[in-house]
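> Give me coordinates for this.
(4 chains)
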Number of protein chains: 4
Amino acid sequence: MSTPKLGIAMIGYQFMGRTHSNAWRQVAHFFDTPFEPILKVVCGRSETEVAAAAKKFGFMEHATRWQEVVTRDDIDVVDVCTPGDSHLPIVLAAVAAGKSVLCEKPLANELGEALQMLDAARKAGVIHMLCHNYRRAPAVQLAKRMIDEGILGHIHHYRGTYLQDWIVDPEFPRVWRLEKARAGSGALGDITSHSLDLARFLVGEISEVSGLLETFVKERPLEGGHGRGPVDVDDAALALLRFENGAIGTVEGTRFAPGRKNHNRFEINGSKGSLAFDLERMNELEVYEENGSESGFRTILATDPSHPFVSGWWPPGHVIGYEHTFIHTVLDFMRGIEAGQSPRPNFEDGVRNQRLLDTIERSHASRRWEKV
Amino acid sequence: MSTPKLGIAMIGYQFMGRTHSNAWRQVAHFFDTPFEPILKVVCGRSETEVAAAAKKFGFMEHATRWQEVVTRDDIDVVDVCTPGDSHLPIVLAAVAAGKSVLCEKPLANELGEALQMLDAARKAGVIHMLCHNYRRAPAVQLAKRMIDEGILGHIHHYRGTYLQDWIVDPEFPRVWRLEKARAGSGALGDITSHSLDLARFLVGEISEVSGLLETFVKERPLEGGHGRGPVDVDDAALALLRFENGAIGTVEGTRFAPGRKNHNRFEINGSKGSLAFDLERMNELEVYEENGSESGFRTILATDPSHPFVSGWWPPGHVIGYEHTFIHTVLDFMRGIEAGQSPRPNFEDGVRNQRLLDTIERSHASRRWEKV
Amino acid sequence: MSTPKLGIAMIGYQFMGRTHSNAWRQVAHFFDTPFEPILKVVCGRSETEVAAAAKKFGFMEHATRWQEVVTRDDIDVVDVCTPGDSHLPIVLAAVAAGKSVLCEKPLANELGEALQMLDAARKAGVIHMLCHNYRRAPAVQLAKRMIDEGILGHIHHYRGTYLQDWIVDPEFPRVWRLEKARAGSGALGDITSHSLDLARFLVGEISEVSGLLETFVKERPLEGGHGRGPVDVDDAALALLRFENGAIGTVEGTRFAPGRKNHNRFEINGSKGSLAFDLERMNELEVYEENGSESGFRTILATDPSHPFVSGWWPPGHVIGYEHTFIHTVLDFMRGIEAGQSPRPNFEDGVRNQRLLDTIERSHASRRWEKV
Amino acid sequence: MSTPKLGIAMIGYQFMGRTHSNAWRQVAHFFDTPFEPILKVVCGRSETEVAAAAKKFGFMEHATRWQEVVTRDDIDVVDVCTPGDSHLPIVLAAVAAGKSVLCEKPLANELGEALQMLDAARKAGVIHMLCHNYRRAPAVQLAKRMIDEGILGHIHHYRGTYLQDWIVDPEFPRVWRLEKARAGSGALGDITSHSLDLARFLVGEISEVSGLLETFVKERPLEGGHGRGPVDVDDAALALLRFENGAIGTVEGTRFAPGRKNHNRFEINGSKGSLAFDLERMNELEVYEENGSESGFRTILATDPSHPFVSGWWPPGHVIGYEHTFIHTVLDFMRGIEAGQSPRPNFEDGVRNQRLLDTIERSHASRRWEKV
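Take a look at the predicted model:
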């Protein structure tokens, strides 16, 4: 009768730790969930900081060694919120312990690792999911639904930009996201990857790319304050795309676009209509349906109870925010656990996304189109 | 050393119960609060429903008699989320018991009751606050800050509209919000009241009004399905305003504006600049500062850590939603309890707001300008 | 076979002289006109200035006495572009001479004069037209067409604002538009009158009003530079409206809205949909049609050949500007001459508009609702 | 004392003939021009049609043999408005006759011809200009001025899209613009070329490109109605760009974007700010200047007398349209004639633009980055 409990262990407690813990705390208050998530333990290297995080985020315990956490009997889900360079061992151990795994994007910083994780998860038969949260903004889900219903006809163009501006200042320090060893890449893996994931979600698989990476500021002050260090990741990552279904596209991610704070925008043009979305106005979807001379782009406020995920929230016109996309993600993750099926995007998508990033890097190096 | 606890009793569990309970659950996870709110008990008339609400909202207990709840020793705060016609007895009892009281707007359905509550709260020396949540959208707080800094100069014009469309269909049933006995008034108290409260918050006190009320659909199907009943509240409520400081204005609330879901918009014109806000894009503030020929309205994305309340949330460009305005409200309410001072808007504002609504009704009846 | 010629005399050569002369010069190059307009003579008091204007505007001659001009045999049309206080004698003389008359708005500065002109024009049986040019923006005509087609259902709300900012600075001089003797009124006759004319065009006749006039800056520097003089017209003119068909509305015209340069905007809400227009984006019409959960306001770019007047211009997406509204006005004026019927808006509309302005002034003075 | 006359011969009378003839007719009525343009003769192959065009456009004469026209003594300017495949002989003859030449873009359909024309014009010492009219929208000129003033700092990104939708329907016929022999290329030369010209104007010279051309509909109905013919031009033309100054960019032109009628948009991101423009709202320029936490994109309504070309037109907020860009072009062309200097863009720009188009085609074929 009562909802079964689901023991959650979260590894990592920085920015993504905040968004994921909120999702776990909130989901059952707004949706009918197959499980009641229990925030058992959050894990991090610094005892003091992780203890504070546990308190702030509402976890029952904290821990400093993920190795011990991921094998605990009272843990059903391992939620990996650390930077990409540490995903492999955590995921492999969690999978080996038979846990369901939710992993922040990117799945890994390189393709080989991603493949290893997918392989392990498949063999272990566990539920796995990748957290590309923007797929689960109601307006994006509505876009997907309208495309699937054929409202756009067949698709000719995808145009994805993800523009930010937080490192335009050359004196902004060389944080971990600007180190290849930690972050794998710069704008490419951090934000262009979102545009690519949305492209795959909404348009289809990509067959070849022509990539361009650029680092405008090649050296930055080290954190802590003494000296400067090289920036070995890209500040901006662009590509031309060809999709398997004949569509063509562009993606562009940059951290050098003053005034664009989180401008994750796409436009899709099909044979019968167009769609556009901008994360900074994430409750809106712009739609054009060709319908004679009184046609026009219309702005659907994606807050109607009939829109995906909205019935859990507020009446029409009462908007939701960024963190809600994570709540929808853990909701579908739990539904996947119940159904015994890894929800999309899962580790297979992680591998495909990583392959795309690799191909863009390869194309940048070869100065040629490269097949994915 | 540890944060003192604050026992919360919530009376009512419908729409506002959902927003308030979320606020109490969330606030300490995102802000440093002077108290740790404990969701003790939610109270409602239907045992079955309130039990379900307690579970969904995260309250420890439920109860069906508010009279017993508001006097409990373990309760520090009474949060009144019922319709306006029931506020008086609950508030008076809570105040008499020395509780801090947060009350949903409108404070009452008529001025006499509002005055009684203010009087009782003052005499009891308790902390009281009215939940006009839109004051605490970061963009609205930023507007207030910019006005106080003098960016607009002195103000000439206020233009407030609150447009919705949920009862345009004449077959929409006569719900409680369309009954004068329950709701006090229609669009006037429900939404025009927000435009008036924002006018008072941002521009100043209003001295006289010329009001216009209209009921377009005078009879509607009864809920439950047999027969029709009269609509005795307004479908739309408009007024011309004169402010004490010489500004003039208009307010218009209607539930008959197709396509406007929650279009709570204002524009303010001063001697040096202008401001505009729209709740459907609540993370944005439009600002015009006169500054030569390259001036223009600019859209500030009110998601910068320096903007009011934003530091508790996400990085720039990561938007928040409707329910966050309630979280900010309970945060300031708790700070008021700590400081021993009733935060604005409080019952005094409730009285002033109610007096405005009364004056608009009076002016509508007399077909003349009326002083507040 | 060849197009008959139409001799044009234009009285006045300031701002409106520029727009009207352009209209006469351009119309036959873009539309099939029933006549070929011949720019015979422009008339003004200053010989030097009017001579220069004739050259610049492309008139064959100039003159300084309109009395001689309006009776000339080679003149078919008298186009009155002077301020409102001089319309009466010019129009009466032109009408007496049997000329077709196009008159700039307002028809007169007071109702009595307007009635006299209408009466004279009717008795003389001449074609008369009032130049309320904004009616003939393609997007406004499209709005009219959609309303007539029933797309909005029956109308509940009209919301018209005409915001400008050119006299916010208290040191801006007391130009003629700020003198009652010349201009008749301030924002009321100059811009609120446009909102009222559009209300009548799109919604219907207005039955009663509650008006509010305000003069924020009561004294200004005299032109020429010595001393200050009183401002005896309104800086802002607002009104609540009741229409004969049961709709209600607001209009607001002000010259004190920083950043609003020519913000002639209206929104109309009907039982089935809504429309919005903003002159600063005059090639666009926003339309909402209620059509299920994927409805939204759409922006029609009113540049399709099927839209009113557009077939004379450019391909879709190639926008037109302010002056084109005058070209469309003279086009319809010529068609009216051919058809022997005074096109709307004509002097009858001028009288009705003037009556509205008078009623608003009366209501302002009486502090009551007044019937039109 | 009086303005010298300038005899204009226009070759071609289709769409561009309409825009250019309007420009010549209008320019002296709104600006102080160094010459009075006399619309002497319009030339085209069909006697009937060109006679009608002469009448409609206001030319004194018409002619069917350009060879005779371009050498006439009373002709000072040859304005070439024919499709690109016929520019070479006309321009060479006009230049040989010592005429000033204004030529529609593209200068030629292939680079060799463009070089020949530039060479001939230089040797003849005549004034030459290319009509890339969008450079002379006031908002674009304002963008240029702000960039030159350093408001953006140094530029990192250019993002140009030119989206239309007029051939999405596969049954749209194979008009001349879809024939390589006539048009040279498809979207590439017609619209992507505008994005490239604006890139060069605003950012600087481009050093290398990676191009992508696509033809979605490979066969279309022939005009006239019997049978189908191959489409041998591109439906969409995209490229990644590297600029000499270190900036990077993208351009995309397509005729397959439903709802985008004339969506010539660019965004430029520099080290200190950003700019954006959209031709469908051509009176607006969006500008972001980094200036602390209250920064935001602002919309400058480019209708202030201080903005480029605006003083010839109307008061602030009174917008202009598409055809005005041509008026500004002929104005500067005449000023160039007076000054003895070929205004930008001139044939040298035509050569550079053509070289870019060639390089994009080359890159598309080689599937590699190619240097310009």
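> Go through stretch A:214-223 and flag the buried ones.
A:214-217, A:220 (16 or more other Cβ atoms under 10 Å in any protein chain shown). (C-beta placed from N, C-alpha, C; glycine too.)
> what about A:D79, is that helix, strand or coil?
strand (DSSP: H, G, I helix; E, B strand; the rest coil).
> mind checking pLDDT for it?
The score at A:D79 is 98. That number is its pLDDT.
> what about it, distance to A:A97?
14 Å (Cβ to Cβ, to the nearest Å).
> Comparing the two, which residue is more hemmed in?
The neighbour comparison of A:D79 against A:A97 (other Cβ atoms under 10 Å in any protein chain shown) goes to A:D79, with 29 against 17.
> Next up, the contacts around that one.
Neighbour list for A:D79: A:8-11, A:20, A:24, A:101-103 [criterion: Cβ atoms under 8 Å, 6 or more residues apart in numbering or on different chains].
> Quick check: nearest residue in space to A:N109, chain neighbours excluded?
A:G184 (2.9 Å; Cβ to Cβ, 6 or more residues apart in numbering or on different chains).
> who's in contact with A:T82?
Contacts of A:T82 (Cβ under 8 Å, 6+ apart): A:11-12, A:90, A:104.
> In the stretch 251-372 of chain A, mark out all the helices, start to finish.
Counting by DSSP state H, counting those that start in this stretch, the stretch 251-372 of chain A has helices at residues A:324-339, A:347-366.
> can you put the ones you listed in TSV and add mean pLDDT, distance to chain B and mean neighbour count?
Shown next, in TSV, are the helices of the stretch 251-372 of chain A (pLDDT from 0 to 100; distance: least, Cβ to the nearest Cβ, whole Å; neighbours: other Cβ atoms under 10 Å in any protein chain shown):
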stretch	mean pLDDT	distance to chain B	mean neighbour count
helix A:324-339	98	7	22
helix A:347-366	98	21	21
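> could I get these as TSV with distance to A:E205?
Listed next are the helices of the stretch 251-372 of chain A as TSV, based on distance: least, Cβ to Cβ, whole Å:
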stretch	distance to A:E205
helix A:324-339	21
helix A:347-366	7
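> Nearest to B:E244, out of those?
Closest approach to B:E244 among those is made by helix A:324-339 (41.4 Å; Cβ to Cβ).
> Run through who's touching the closest one.
A:6, A:19-20, A:22-24, A:26-27, A:30-31, A:33-35, A:37, A:76-77, A:100, A:102, A:127, A:129, A:131, A:133-138, A:282, A:309, A:313, A:342-343, B:321.
> try 6 Å
Outside helix A:324-339, the residues that touch it by Cβ atoms under 6 Å, 6 or more residues apart in numbering or on different chains are A:19, A:23-24, A:26-27, A:31, A:33-35, A:100, A:102, A:127, A:129, A:131, A:133, A:136-137, A:309, A:342-343.
> One more: stretch A:51-60?
A:13, A:21, A:25, A:39-42, A:62.
> Tell me how far it lies from the chain's centre.
24 Å (Cα atoms, centre = their mean, to the nearest Å).
> In that stretch, which residues are buried?
So, applying 16+ other Cβ under 10 Å, buried residues of stretch A:51-60: A:51, A:53-54, A:56-59.
> next one: stretch A:277-285
A:277-285.
> Check the burial of the residue nearest to A:P83 when sequence neighbours are not counted by counting its neighbours.
Among residues not flanking A:P83 along the chain, A:R182 sits closest, at 5.5 Å (Cβ to Cβ, 6+ apart). Per other Cβ under 10 Å, the neighbour tally for A:R182 reads 15.
> Would you agree A:R182 is in contact with A:D85?
Yes - with contacts counted by Cβ atoms under 6 Å, A:R182 reaches A:D85, the gap being 5.4 Å.
> ok so, going back, between the helices of the stretch 251-372 of chain A, which one is closest to C:K123.
helix A:324-339 (70.3 Å).
> CA-only coordinates of that closest one, as PDB, when you get a sec.
Taking Å, rounded to 0.1, in the frame of the first residue of the first chain, the C-alpha atoms of helix A:324-339 are listed here in PDB:
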ATOM      1  CA  HIS A 324      12.600  22.000 -12.000                       C
ATOM      2  CA  THR A 325      14.300  20.300 -14.900                       C
ATOM      3  CA  PHE A 326      16.200  18.200 -12.400                       C
ATOM      4  CA  ILE A 327      13.000  17.300 -10.600                       C
ATOM      5  CA  HIS A 328      11.500  16.000 -13.800                       C
ATOM      6  CA  THR A 329      14.700  14.100 -14.500                       C
ATOM      7  CA  VAL A 330      14.700  12.200 -11.200                       C
ATOM      8  CA  LEU A 331      11.000  11.600 -11.600                       C
ATOM      9  CA  ASP A 332      11.600   9.800 -14.900                       C
ATOM     10  CA  PHE A 333      14.600   8.100 -13.400                       C
ATOM     11  CA  MET A 334      12.400   6.600 -10.700                       C
ATOM     12  CA  ARG A 335       9.800   5.600 -13.200                       C
ATOM     13  CA  GLY A 336      12.600   3.900 -15.100                       C
ATOM     14  CA  ILE A 337      13.600   2.000 -12.000                       C
ATOM     15  CA  GLU A 338      10.000   0.900 -11.500                       C
ATOM     16  CA  ALA A 339       9.600  -0.100 -15.200                       C
END
